[in-house]
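Peer 1: this one's structure only:
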Ligand SMILES: Nc1ncnc2c1ncn2[C@@H]1O[C@H](COP(=O)(O)OP(=O)(O)O)[C@@H](O)[C@H]1O
Ligand SMILES: [Mg+2]
(Lines give C-alpha, C1' and ligand atoms only; values in the text may rest on other atoms or scores of the structure.)
(Ligands and ions follow the chains in the order given, each with its own letter.)
Protein backbone atom coordinates (compact mmCIF):
# COMPACT_ATOMS: atom_id res chain seq x y z
CA UNK A 1 0.00 0.00 0.00
CA UNK A 2 2.67 2.47 1.12
CA UNK A 3 4.75 1.35 -1.81
CA UNK A 4 1.96 2.32 -4.24
CA UNK A 5 1.74 5.77 -2.64
CA UNK A 6 5.40 6.29 -3.46
CA UNK A 7 5.53 4.68 -6.89
CA UNK A 8 2.45 6.11 -8.59
CA UNK A 9 3.62 9.73 -8.26
CA UNK A 10 7.10 8.75 -9.41
CA UNK A 11 5.72 7.08 -12.55
CA UNK A 12 3.40 10.00 -13.32
CA UNK A 13 6.23 12.49 -12.79
CA UNK A 14 8.56 10.68 -15.17
CA UNK A 15 5.81 10.43 -17.85
CA UNK A 16 5.12 14.15 -17.58
CA UNK A 17 8.80 14.99 -17.80
CA UNK A 18 9.28 12.87 -20.93
CA UNK A 19 6.25 14.41 -22.60
CA UNK A 20 7.36 17.96 -21.82
CA UNK A 21 10.79 17.24 -23.13
CA UNK A 22 9.37 15.94 -26.42
CA UNK A 23 7.08 18.92 -26.95
CA UNK A 24 9.82 21.37 -26.17
CA UNK A 25 12.36 19.63 -28.39
CA UNK A 26 9.95 19.53 -31.35
CA UNK A 27 9.13 23.20 -30.80
CA UNK A 28 12.78 24.25 -30.78
CA UNK A 29 13.57 22.18 -33.84
CA UNK A 30 10.57 23.59 -35.70
CA UNK A 31 11.53 27.15 -34.99
CA UNK A 32 15.18 26.54 -35.94
CA UNK A 33 14.26 24.96 -39.26
CA UNK A 34 11.71 27.67 -39.88
CA UNK A 35 14.38 30.35 -39.45
CA UNK A 36 16.71 28.57 -41.82
CA UNK A 37 13.92 28.15 -44.37
CA UNK A 38 13.11 31.84 -44.10
CA UNK A 39 16.74 32.68 -44.75
CA UNK A 40 16.90 30.42 -47.80
CA UNK A 41 13.57 31.58 -49.20
CA UNK A 42 14.58 35.22 -48.91
CA UNK A 43 17.85 34.57 -50.68
CA UNK A 44 15.95 33.32 -53.73
CA UNK A 45 15.46 36.73 -55.28
CA UNK A 46 14.14 36.25 -58.74
CA UNK A 47 12.21 33.77 -60.75
CA UNK A 48 15.29 32.55 -62.60
CA UNK A 49 16.05 29.87 -60.02
CA UNK A 50 12.47 28.71 -59.97
CA UNK A 51 11.97 28.43 -63.67
CA UNK A 52 15.18 26.46 -63.89
CA UNK A 53 16.80 29.05 -66.07
CA UNK A 54 19.23 30.18 -63.42
CA UNK A 55 21.46 28.14 -61.12
CA UNK A 56 22.68 29.17 -57.71
CA UNK A 57 25.44 27.25 -55.97
CA UNK A 58 24.94 29.31 -52.84
CA UNK A 59 21.32 28.25 -52.48
CA UNK A 60 22.06 24.67 -53.40
CA UNK A 61 24.75 24.39 -50.76
CA UNK A 62 22.52 26.07 -48.18
CA UNK A 63 19.78 23.54 -48.90
CA UNK A 64 22.24 20.66 -48.75
CA UNK A 65 23.59 21.85 -45.43
CA UNK A 66 20.16 22.23 -43.89
CA UNK A 67 19.15 18.81 -45.19
CA UNK A 68 22.28 17.32 -43.69
CA UNK A 69 22.12 18.97 -40.30
CA UNK A 70 18.51 18.07 -39.65
CA UNK A 71 18.43 14.82 -41.54
CA UNK A 72 15.62 16.11 -43.70
CA UNK A 73 14.43 16.53 -47.22
CA UNK A 74 13.97 19.91 -48.85
CA UNK A 75 11.90 20.62 -51.93
CA UNK A 76 11.44 23.79 -53.88
CA UNK A 77 8.26 23.98 -55.91
CA UNK A 78 7.47 26.71 -58.40
CA UNK A 79 4.15 28.27 -59.29
CA UNK A 80 3.52 25.56 -61.88
CA UNK A 81 3.73 23.01 -59.02
CA UNK A 82 6.86 21.57 -60.48
CA UNK A 83 9.63 20.41 -58.20
CA UNK A 84 12.66 22.41 -59.23
CA UNK A 85 14.93 21.17 -56.43
CA UNK A 86 14.87 18.04 -54.28
CA UNK A 87 17.75 17.42 -51.91
CA UNK A 88 17.06 13.71 -52.22
CA UNK A 89 16.95 14.07 -56.01
CA UNK A 90 13.93 11.81 -56.24
CA UNK A 91 11.17 14.09 -57.48
CA UNK A 92 13.09 16.74 -59.39
CA UNK A 93 11.09 17.76 -62.44
CA UNK A 94 7.87 16.13 -61.29
CA UNK A 95 4.66 17.86 -60.34
CA UNK A 96 3.71 18.02 -56.70
CA UNK A 97 0.25 19.14 -55.63
CA UNK A 98 -0.06 18.76 -51.90
CA UNK A 99 -2.66 20.52 -49.85
CA UNK A 100 -0.13 22.55 -47.88
CA UNK A 101 1.64 23.74 -51.02
CA UNK A 102 -1.61 24.96 -52.59
CA UNK A 103 -2.57 26.66 -49.37
CA UNK A 104 0.83 28.33 -49.22
CA UNK A 105 0.46 29.69 -52.74
CA UNK A 106 -3.00 30.95 -52.01
CA UNK A 107 -2.35 32.68 -48.71
CA UNK A 108 1.30 33.55 -49.05
CA UNK A 109 2.04 32.31 -45.54
CA UNK A 110 3.95 29.25 -44.38
CA UNK A 111 2.65 26.41 -42.22
CA UNK A 112 4.02 23.86 -39.78
CA UNK A 113 2.82 20.32 -39.25
CA UNK A 114 4.07 17.81 -36.75
CA UNK A 115 3.35 14.15 -37.41
CA UNK A 116 4.03 12.31 -34.21
CA UNK A 117 3.26 8.83 -35.48
CA UNK A 118 5.71 8.96 -38.43
CA UNK A 119 7.96 11.31 -36.47
CA UNK A 120 8.59 14.18 -38.79
CA UNK A 121 7.94 17.90 -39.03
CA UNK A 122 6.73 19.38 -42.30
CA UNK A 123 7.22 23.07 -42.98
CA UNK A 124 6.12 25.13 -45.93
CA UNK A 125 7.67 28.52 -46.55
CA UNK A 126 6.52 30.84 -49.35
CA UNK A 127 9.15 32.28 -51.67
CA UNK A 128 8.12 35.85 -52.40
CA UNK A 129 9.24 37.96 -55.29
CA UNK A 130 10.56 41.20 -53.81
CA UNK A 131 9.55 43.26 -56.77
CA UNK A 132 5.96 42.11 -57.18
CA UNK A 133 5.32 40.70 -53.67
CA UNK A 134 3.87 37.61 -55.32
CA UNK A 135 4.34 34.08 -54.10
CA UNK A 136 6.46 32.59 -56.78
CA UNK A 137 7.37 29.33 -55.11
CA UNK A 138 7.19 27.18 -51.99
CA UNK A 139 10.00 25.68 -49.94
CA UNK A 140 8.89 22.39 -48.41
CA UNK A 141 11.00 20.96 -45.59
CA UNK A 142 10.38 17.49 -44.07
CA UNK A 143 12.53 17.08 -40.99
CA UNK A 144 12.80 13.81 -39.18
CA UNK A 145 12.27 13.86 -35.40
CA UNK A 146 13.50 10.34 -34.98
CA UNK A 147 16.30 11.18 -32.58
CA UNK A 148 13.96 13.29 -30.42
CA UNK A 149 11.74 10.27 -30.25
CA UNK A 150 14.73 8.14 -29.39
CA UNK A 151 15.85 10.45 -26.64
CA UNK A 152 12.32 10.47 -25.23
CA UNK A 153 12.23 6.70 -25.24
CA UNK A 154 15.60 6.63 -23.56
CA UNK A 155 14.35 9.02 -20.87
CA UNK A 156 11.25 6.90 -20.45
CA UNK A 157 13.34 3.80 -19.92
CA UNK A 158 15.51 5.63 -17.44
CA UNK A 159 12.37 6.67 -15.58
CA UNK A 160 11.12 3.09 -15.44
CA UNK A 161 14.52 1.93 -14.28
CA UNK A 162 14.75 4.51 -11.51
CA UNK A 163 11.17 3.79 -10.40
CA UNK A 164 11.84 0.06 -10.28
CA UNK A 165 15.03 0.65 -8.36
CA UNK A 166 13.11 2.84 -5.92
CA UNK A 167 10.44 0.18 -5.56
CA UNK A 168 13.00 -2.43 -4.68
CA UNK A 169 14.75 -0.09 -2.24
CA UNK A 170 11.45 0.85 -0.62
CA UNK A 171 10.50 -2.82 -0.34
CA UNK A 172 13.79 -3.80 1.23
CA UNK A 173 13.90 -0.73 3.48
CA UNK A 174 10.28 -1.21 4.51
CA UNK A 175 10.94 -4.82 5.36
CA UNK A 176 13.90 -3.90 7.55
CA UNK A 177 12.15 -1.00 9.25
CA UNK A 178 9.05 -3.12 9.92
CA UNK A 179 11.26 -5.82 11.32
CA UNK A 180 13.08 -3.35 13.51
CA UNK A 181 9.80 -1.89 14.81
CA UNK A 182 8.21 -5.25 15.46
CA UNK A 183 11.23 -6.89 17.09
CA UNK A 184 10.80 -5.40 20.60
CA UNK A 185 7.15 -6.44 20.57
CA UNK A 186 8.15 -9.95 19.60
CA UNK A 187 10.46 -9.85 22.61
CA UNK A 188 7.59 -8.71 24.80
CA UNK A 189 5.47 -11.57 23.49
CA UNK A 190 8.26 -14.06 24.15
CA UNK A 191 8.77 -12.71 27.67
CA UNK A 192 5.05 -13.01 28.36
CA UNK A 193 5.03 -16.53 26.97
CA UNK A 194 7.95 -17.43 29.22
CA UNK A 195 5.97 -16.26 32.22
CA UNK A 196 2.91 -18.16 31.00
CA UNK A 197 4.98 -21.30 30.67
CA UNK A 198 6.21 -20.77 34.20
CA UNK A 199 9.89 -20.45 33.29
CA UNK A 200 10.28 -17.10 34.93
CA UNK A 201 9.14 -16.03 38.32
CA UNK A 202 10.58 -12.56 37.86
CA UNK A 203 9.04 -9.45 36.38
CA UNK A 204 9.62 -9.04 32.64
CA UNK A 205 11.36 -6.04 31.08
CA UNK A 206 11.75 -4.92 27.44
CA UNK A 207 13.07 -1.36 27.51
CA UNK A 208 13.62 -0.78 23.80
CA UNK A 209 10.79 1.75 23.44
CA UNK A 210 8.65 3.73 25.83
CA UNK A 211 5.71 1.72 24.46
CA UNK A 212 7.24 -1.66 25.18
CA UNK A 213 8.26 -0.41 28.60
CA UNK A 214 4.69 0.67 29.28
CA UNK A 215 3.34 -2.66 28.11
CA UNK A 216 5.76 -4.63 30.25
CA UNK A 217 5.07 -2.36 33.25
CA UNK A 218 1.34 -2.89 32.88
CA UNK A 219 1.91 -6.58 32.43
CA UNK A 220 4.07 -6.73 35.56
CA UNK A 221 1.41 -4.95 37.56
CA UNK A 222 -1.17 -7.43 36.36
CA UNK A 223 1.24 -10.27 37.07
CA UNK A 224 1.82 -9.19 40.64
CA UNK A 225 -1.92 -8.84 41.15
CA UNK A 226 -2.48 -12.32 39.80
CA UNK A 227 0.27 -13.66 42.05
CA UNK A 228 -1.19 -11.88 45.08
CA UNK A 229 -4.60 -13.33 44.21
CA UNK A 230 -3.14 -16.77 43.83
CA UNK A 231 -1.37 -16.46 47.18
CA UNK A 232 -4.50 -15.31 48.97
CA UNK A 233 -6.46 -18.16 47.37
CA UNK A 234 -3.93 -20.69 48.63
CA UNK A 235 -3.90 -19.07 52.04
CA UNK A 236 -7.69 -19.14 52.07
CA UNK A 237 -7.87 -22.82 51.23
CA UNK A 238 -5.35 -23.72 53.90
CA UNK A 239 -7.16 -21.50 56.42
CA UNK A 240 -10.51 -23.10 55.64
CA UNK A 241 -9.08 -26.58 55.98
CA UNK A 242 -7.42 -25.67 59.23
CA UNK A 243 -10.53 -24.03 60.68
CA UNK A 244 -12.73 -26.96 59.68
CA UNK A 245 -10.28 -29.44 61.16
CA UNK A 246 -9.86 -27.76 64.56
CA UNK A 247 -13.33 -28.63 65.96
CA UNK A 248 -13.05 -32.13 64.50
CA UNK A 249 -9.70 -32.65 66.24
CA UNK A 250 -11.16 -31.50 69.56
CA UNK A 251 -14.13 -33.83 69.15
CA UNK A 252 -11.83 -36.71 68.31
CA UNK A 253 -9.69 -36.04 71.41
CA UNK A 254 -12.79 -35.83 73.63
CA UNK A 255 -14.34 -38.99 72.19
CA UNK A 256 -11.07 -40.91 72.32
CA UNK A 257 -10.46 -40.06 75.97
CA UNK A 258 -14.00 -41.22 76.83
CA UNK A 259 -13.45 -44.45 74.92
CA UNK A 260 -10.07 -45.02 76.53
CA UNK A 261 -11.42 -45.03 80.08
CA UNK A 262 -13.45 -47.72 81.72
CA UNK A 263 -16.31 -47.00 84.06
CA UNK A 264 -16.44 -43.29 83.32
CA UNK A 265 -18.74 -41.49 85.76
CA UNK A 266 -21.88 -40.10 84.18
CA UNK A 267 -20.89 -36.51 85.09
CA UNK A 268 -17.72 -36.76 83.05
CA UNK A 269 -19.74 -38.17 80.17
CA UNK A 270 -22.11 -35.20 80.37
CA UNK A 271 -19.28 -32.69 80.52
CA UNK A 272 -17.45 -34.22 77.57
CA UNK A 273 -20.64 -34.52 75.59
CA UNK A 274 -21.47 -30.88 76.14
CA UNK A 275 -17.93 -30.00 74.98
CA UNK A 276 -18.48 -32.08 71.87
CA UNK A 277 -21.79 -30.29 71.21
CA UNK A 278 -19.98 -26.97 71.47
CA UNK A 279 -17.46 -28.09 68.92
CA UNK A 280 -20.27 -29.18 66.61
CA UNK A 281 -21.84 -25.73 66.97
CA UNK A 282 -18.52 -24.18 66.16
CA UNK A 283 -18.11 -26.32 63.06
CA UNK A 284 -21.65 -25.44 62.03
CA UNK A 285 -20.91 -21.78 62.56
CA UNK A 286 -17.84 -21.87 60.36
CA UNK A 287 -19.70 -23.61 57.57
CA UNK A 288 -22.61 -21.15 57.79
CA UNK A 289 -20.17 -18.26 57.62
CA UNK A 290 -18.32 -19.81 54.70
CA UNK A 291 -21.57 -20.24 52.83
CA UNK A 292 -22.60 -16.62 53.44
CA UNK A 293 -19.21 -15.52 52.27
CA UNK A 294 -19.43 -17.52 49.07
CA UNK A 295 -22.83 -15.98 48.45
CA UNK A 296 -21.34 -12.50 48.87
CA UNK A 297 -18.61 -13.17 46.36
CA UNK A 298 -18.94 -10.45 43.83
CA UNK A 299 -19.47 -12.48 40.69
CA UNK A 300 -21.91 -14.96 42.18
CA UNK A 301 -23.79 -12.39 44.27
CA UNK A 302 -27.43 -12.00 43.35
CA UNK A 303 -28.76 -8.79 44.83
CA UNK A 304 -32.30 -8.93 46.06
CA UNK A 305 -33.00 -5.22 46.28
CA UNK A 306 -36.17 -3.89 47.91
CA UNK A 307 -37.18 -0.49 49.23
CA UNK A 308 -36.98 -0.73 53.02
CA UNK A 309 -36.97 1.38 56.10
CA UNK A 310 -33.42 1.08 57.36
CA UNK A 311 -34.32 1.83 61.01
CA UNK A 312 -36.67 -1.14 61.12
CA UNK A 313 -34.00 -3.46 59.73
CA UNK A 314 -31.60 -2.31 62.46
CA UNK A 315 -34.25 -2.76 65.17
CA UNK A 316 -34.77 -6.36 63.97
CA UNK A 317 -31.04 -7.06 64.17
CA UNK A 318 -30.82 -5.64 67.70
CA UNK A 319 -33.86 -7.61 68.79
CA UNK A 320 -32.27 -10.87 67.73
CA UNK A 321 -29.02 -10.09 69.56
CA UNK A 322 -30.56 -8.77 72.75
CA UNK A 323 -30.53 -12.19 74.56
CA UNK A 324 -26.79 -12.57 73.95
CA UNK A 325 -26.16 -9.01 75.12
CA UNK A 326 -28.17 -9.56 78.28
CA UNK A 327 -26.08 -12.60 79.17
CA UNK A 328 -23.04 -10.31 79.33
CA UNK A 329 -25.07 -7.51 80.91
CA UNK A 330 -24.37 -5.27 77.97
CA UNK A 331 -26.78 -2.46 77.07
CA UNK A 332 -27.88 -2.31 73.44
CA UNK A 333 -28.83 1.27 72.59
CA UNK A 334 -30.53 2.49 69.44
CA UNK A 335 -30.31 6.26 69.16
CA UNK A 336 -33.46 8.10 68.02
CA UNK A 337 -33.57 8.28 64.25
CA UNK A 338 -35.58 9.67 61.36
CA UNK A 339 -37.36 7.38 58.95
CA UNK A 340 -35.01 6.56 56.07
CA UNK A 341 -36.04 4.50 53.08
CA UNK A 342 -33.37 2.93 50.91
CA UNK A 343 -32.90 0.28 48.21
CA UNK A 344 -31.18 -2.58 50.01
CA UNK A 345 -30.81 -6.34 50.07
CA UNK A 346 -32.29 -6.89 53.52
CA UNK A 347 -30.78 -10.33 54.15
CA UNK A 348 -27.25 -9.28 53.27
CA UNK A 349 -27.32 -5.96 55.14
CA UNK A 350 -28.94 -7.57 58.22
CA UNK A 351 -26.08 -10.03 58.33
CA UNK A 352 -23.56 -7.19 57.95
CA UNK A 353 -25.00 -5.11 60.80
CA UNK A 354 -25.59 -8.21 62.89
CA UNK A 355 -21.88 -9.04 62.68
CA UNK A 356 -20.93 -5.52 63.72
CA UNK A 357 -23.27 -5.47 66.74
CA UNK A 358 -22.25 -9.02 67.68
CA UNK A 359 -18.58 -7.98 67.67
CA UNK A 360 -19.49 -4.99 69.81
CA UNK A 361 -21.04 -7.38 72.34
CA UNK A 362 -18.31 -10.03 72.14
CA UNK A 363 -15.31 -7.72 72.44
CA UNK A 364 -16.76 -5.71 75.29
CA UNK A 365 -16.28 -5.35 78.98
CA UNK A 366 -18.70 -6.41 81.73
CA UNK A 367 -21.81 -4.15 81.78
CA UNK A 368 -20.59 -2.12 78.82
CA UNK A 369 -22.72 -0.76 75.97
CA UNK A 370 -23.18 -0.94 72.22
CA UNK A 371 -24.71 2.10 70.55
CA UNK A 372 -26.23 2.14 67.04
CA UNK A 373 -27.02 5.42 65.28
CA UNK A 374 -28.75 6.02 61.95
CA UNK A 375 -28.48 9.27 59.99
CA UNK A 376 -28.96 10.27 56.38
CA UNK A 377 -28.69 13.03 53.82
CA UNK A 378 -30.21 13.20 50.32
CA UNK A 379 -27.73 10.69 48.89
CA UNK A 380 -26.63 8.29 51.60
CA UNK A 381 -27.59 6.78 54.92
CA UNK A 382 -24.98 6.40 57.65
CA UNK A 383 -24.92 3.73 60.34
CA UNK A 384 -22.47 3.86 63.26
CA UNK A 385 -21.91 0.95 65.61
CA UNK A 386 -19.94 2.07 68.66
CA UNK A 387 -18.95 0.05 71.72
CA UNK A 388 -17.31 0.56 75.09
CA UNK A 389 -15.14 -2.49 74.60
CA UNK A 390 -11.58 -3.68 74.40
CA UNK A 391 -10.61 -1.72 71.30
CA UNK A 392 -8.35 -2.87 68.50
CA UNK A 393 -4.58 -2.29 68.56
CA UNK A 394 -3.53 0.03 65.74
CA UNK A 395 -1.36 -2.55 63.95
CA UNK A 396 -4.30 -4.96 63.73
CA UNK A 397 -6.84 -2.55 62.29
CA UNK A 398 -5.69 -3.02 58.69
CA UNK A 399 -6.16 -6.80 58.98
CA UNK A 400 -9.54 -7.15 60.67
CA UNK A 401 -11.46 -7.29 57.37
CA UNK A 402 -9.34 -10.18 56.09
CA UNK A 403 -10.86 -13.65 55.93
CA UNK A 404 -10.08 -15.74 59.01
CA UNK A 405 -8.16 -12.94 60.67
CA UNK A 406 -8.70 -12.93 64.41
CA UNK A 407 -7.25 -10.30 66.67
CA UNK A 408 -4.99 -10.75 69.64
CA UNK A 409 -4.62 -14.47 70.29
CA UNK A 410 -4.98 -13.79 74.02
CA UNK A 411 -8.64 -12.85 73.85
CA UNK A 412 -9.47 -14.80 70.72
CA UNK A 413 -8.99 -18.08 72.58
CA UNK A 414 -11.65 -17.22 75.15
CA UNK A 415 -13.95 -15.36 72.74
CA UNK A 416 -15.46 -17.56 70.08
CA UNK A 417 -15.30 -16.63 66.43
CA UNK A 418 -14.23 -17.65 62.96
CA UNK A 419 -12.56 -14.47 61.75
CA UNK A 420 -15.00 -14.34 58.84
CA UNK A 421 -17.56 -11.89 60.31
CA UNK A 422 -15.99 -8.61 59.18
CA UNK A 423 -14.99 -10.06 55.80
CA UNK A 424 -18.66 -10.90 55.21
CA UNK A 425 -19.75 -7.50 56.48
CA UNK A 426 -17.43 -5.66 54.17
CA UNK A 427 -18.48 -7.74 51.12
CA UNK A 428 -22.15 -7.02 51.83
CA UNK A 429 -21.50 -3.28 52.13
CA UNK A 430 -19.36 -3.16 49.01
CA UNK A 431 -22.11 -4.97 47.09
CA UNK A 432 -24.34 -2.02 48.06
CA UNK A 433 -21.67 0.38 46.69
CA UNK A 434 -21.06 1.48 50.26
CA UNK A 435 -17.96 1.96 52.39
CA UNK A 436 -16.99 0.93 55.91
CA UNK A 437 -14.45 2.59 58.19
CA UNK A 438 -13.29 1.97 61.71
CA UNK A 439 -11.77 3.97 64.54
CA UNK A 440 -10.65 2.36 67.75
CA UNK A 441 -8.71 2.94 70.90
CA UNK A 442 -7.47 0.09 73.06
CA UNK A 443 -9.28 0.08 76.42
CA UNK A 444 -11.84 2.68 75.32
CA UNK A 445 -13.84 1.14 72.51
CA UNK A 446 -14.40 0.82 68.80
CA UNK A 447 -16.67 2.58 66.28
CA UNK A 448 -17.55 1.14 62.87
CA UNK A 449 -18.92 3.70 60.40
CA UNK A 450 -20.92 2.60 57.36
CA UNK A 451 -22.13 4.75 54.45
CA UNK A 452 -24.51 3.34 51.83
CA UNK A 453 -26.28 5.10 48.91
CA UNK A 454 -30.06 5.46 49.29
CA UNK A 455 -30.63 4.51 45.67
CA UNK A 456 -29.03 1.32 44.39
CA UNK A 457 -27.30 1.49 41.05
CA UNK A 458 -26.42 -1.68 39.21
N1 LIG B 1 -15.88 -4.24 68.14
C2 LIG B 1 -14.67 -4.78 68.21
N3 LIG B 1 -13.86 -4.51 69.27
C4 LIG B 1 -12.63 -5.06 69.33
N5 LIG B 1 -12.10 -5.89 68.41
C6 LIG B 1 -12.86 -6.19 67.34
C7 LIG B 1 -14.17 -5.66 67.19
N8 LIG B 1 -14.67 -6.14 66.04
C9 LIG B 1 -13.73 -6.95 65.51
N10 LIG B 1 -12.63 -6.97 66.29
C11 LIG B 1 -11.37 -7.72 66.00
O12 LIG B 1 -11.38 -8.08 64.64
C13 LIG B 1 -11.23 -9.50 64.49
C14 LIG B 1 -12.04 -9.97 63.31
O15 LIG B 1 -13.40 -9.84 63.50
P16 LIG B 1 -14.41 -10.80 62.81
O17 LIG B 1 -14.05 -10.79 61.38
O18 LIG B 1 -15.78 -10.42 63.17
O19 LIG B 1 -14.02 -12.22 63.35
P20 LIG B 1 -14.41 -12.90 64.74
O21 LIG B 1 -15.39 -12.02 65.44
O22 LIG B 1 -14.97 -14.20 64.35
O23 LIG B 1 -13.11 -13.02 65.46
C24 LIG B 1 -11.71 -10.04 65.78
O25 LIG B 1 -11.06 -11.27 66.07
C26 LIG B 1 -11.31 -8.99 66.78
O27 LIG B 1 -9.96 -9.16 67.19
MG1 LIG C 1 -17.22 -11.39 64.46
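Peer 2: That came through, no problem. Computed from a prediction, not measured in an experiment: that's the story for all the values here. Ligands and ions are numbered 1, 2, ... in the order given.
Peer 1: list of residues touching stretch 312-327?
Peer 2: Outside stretch 312-327, the residues that touch it by CB atoms under 8 Å, 6 or more residues apart in numbering are 331-332, 334, 344, 346, 349-350, 353-354, 357-358, 361, 370, 372, 374, 383. For every residue, glycine as well, the C-beta is placed using N, CA and C.
Peer 1: if we go to 7 Å?
Peer 2: Identification of contacts with stretch 312-327 by CB atoms under 7 Å, 6 or more residues apart in numbering yields 332, 334, 346, 349-350, 353-354, 357-358, 361, 372, 374, 383.
Peer 1: the host helix or strand of residue 357 and ligand 1 in contact?
Peer 2: If you go by DSSP states H and E, residue 357 is part of helix 346-362. Yes: shown here: helix 346-362 in contact with ligand 1 (CB under 6 Å from any ligand atom) through 355, 359, 360.
Peer 1: which among these count as buried?
Peer 2: 355, 359, 360 (16 or more other CB atoms under 10 Å).
Peer 1: how about those residues in CSV, adding distance to ligand 2 and pLDDT?
Peer 2: Formatted as CSV, those follow (distance: CB to the ion, whole Å; pLDDT from 0 to 100):
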residue, distance to ligand 2, pLDDT
355, 5, 96
359, 5, 95
360, 10, 96
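Peer 1: which one of those residues is nearest residue 158?
Peer 2: The nearest member of these to residue 158, counting by CB to CB, is residue 355 at 89.0 Å.
Peer 1: give the contact list for the nearest residue to the closest one once chain neighbours are set aside.
Peer 2: Leaving aside its sequence neighbours, residue 355 sits nearest to residue 421 (CB to CB, 6 or more residues apart in numbering; 4.0 Å). For residue 421, the contact set (CB under 7 Å, 6+ apart) comprises 355, 358, 359.
Peer 1: same check on residue 362?
Peer 2: 415, 417.
Peer 1: residue 122 now?
Peer 2: Residue 122 sits in contact with 100, 113, 142, where contact means CB under 7 Å, 6+ apart.
Peer 1: who's it bridged to?
Peer 2: residue 113, residue 142 (DSSP bridges).
Peer 1: and it, how far from residue 34?
Peer 2: Residue 122 is 11 Å from residue 34, where distance means CB to CB, to the nearest Å.
Peer 1: what subset of the contacts of stretch 312-327 is buried?
Peer 2: Buried among the contacts of stretch 312-327 (16+ other CB under 10 Å): 332, 334, 349, 350, 353, 354, 357, 358, 361, 372, 374, 383.
Peer 1: and those, which is closest to residue 27?
Peer 2: residue 349 (96.2 Å).
Peer 1: so that closest one makes contact with residue 428?
Peer 2: Yes: with contact defined as CB atoms under 7 Å, residue 349 counts as touching residue 428 (6.1 Å).
Peer 1: look up phi and psi at residue 457.
Peer 2: phi -110, psi 130 (degrees, to the nearest 10).
Peer 1: got a pLDDT number for it?
Peer 2: pLDDT for residue 457: 86.
Peer 1: in three-state terms, label the residue lying closest to it once chain neighbours are set aside for me.
Peer 2: Residue nearest to residue 457 in three dimensions, not counting chain neighbours: residue 433, with 6.6 Å by CB to CB, 6+ apart. Three-state call for residue 433 (DSSP: H, G, I helix; E, B strand; the rest coil): coil.
Peer 1: just residue 382 next, same as before
Peer 2: strand.
Peer 1: return the distance of it relative to residue 416.
Peer 2: Taking CB to CB, one finds residue 382 at 30 Å from residue 416.
Peer 1: comparing the two, which residue is more hemmed in?
Peer 2: residue 382 (16 against 11; other CB atoms under 10 Å).
Peer 1: tell me how far the more buried one lies from residue 424.
Peer 2: Note on residue 382: its distance to residue 424, by CB to CB, is 20 Å.
Peer 1: which outside residues touch stretch 225-237?
Peer 2: residue 403.
Peer 1: touching, residue 282 and residue 247? I think so.
Peer 2: Yes: contact criterion CB under 7 Å: residue 282 and residue 247 qualify, at 4.7 Å.
Peer 1: which stretch of helix or strand covers residue 248?
Peer 2: Per DSSP H and E: helix 210-260 holds residue 248.
Peer 1: now for the next helix or strand after that helix, which elements pack on it?
Peer 2: With elements assigned by DSSP H and E, the helix or strand that comes after helix 210-260 is helix 266-296. Applying 3 or more CB pairs under 7 Å, 6 or more residues apart in numbering; DSSP states H and E, we find helix 266-296 packed against helix 210-260, helix 421-431.
Peer 1: buried ones in helix 266-296, by neighbour count?
Peer 2: Those would be 272, 276, 279, 282, 283, 286, 289, 290, 292, 293, 295, 296, for helix 266-296 by 16+ other CB under 10 Å.
Peer 1: now the residues you listed in JSON lines, with pLDDT and distance to ligand 2?
Peer 2: As requested, the buried residues of helix 266-296 are exported to JSON lines (pLDDT from 0 to 100; distance: CB to the ion, whole Å):
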{"residue": "272", "pLDDT": "92", "distance to ligand 2": "27"}
{"residue": "276", "pLDDT": "94", "distance to ligand 2": "23"}
{"residue": "279", "pLDDT": "92", "distance to ligand 2": "18"}
{"residue": "282", "pLDDT": "89", "distance to ligand 2": "13"}
{"residue": "283", "pLDDT": "92", "distance to ligand 2": "17"}
{"residue": "286", "pLDDT": "89", "distance to ligand 2": "12"}
{"residue": "289", "pLDDT": "88", "distance to ligand 2": "9"}
{"residue": "290", "pLDDT": "89", "distance to ligand 2": "14"}
{"residue": "292", "pLDDT": "89", "distance to ligand 2": "12"}
{"residue": "293", "pLDDT": "86", "distance to ligand 2": "12"}
{"residue": "295", "pLDDT": "85", "distance to ligand 2": "17"}
{"residue": "296", "pLDDT": "85", "distance to ligand 2": "15"}
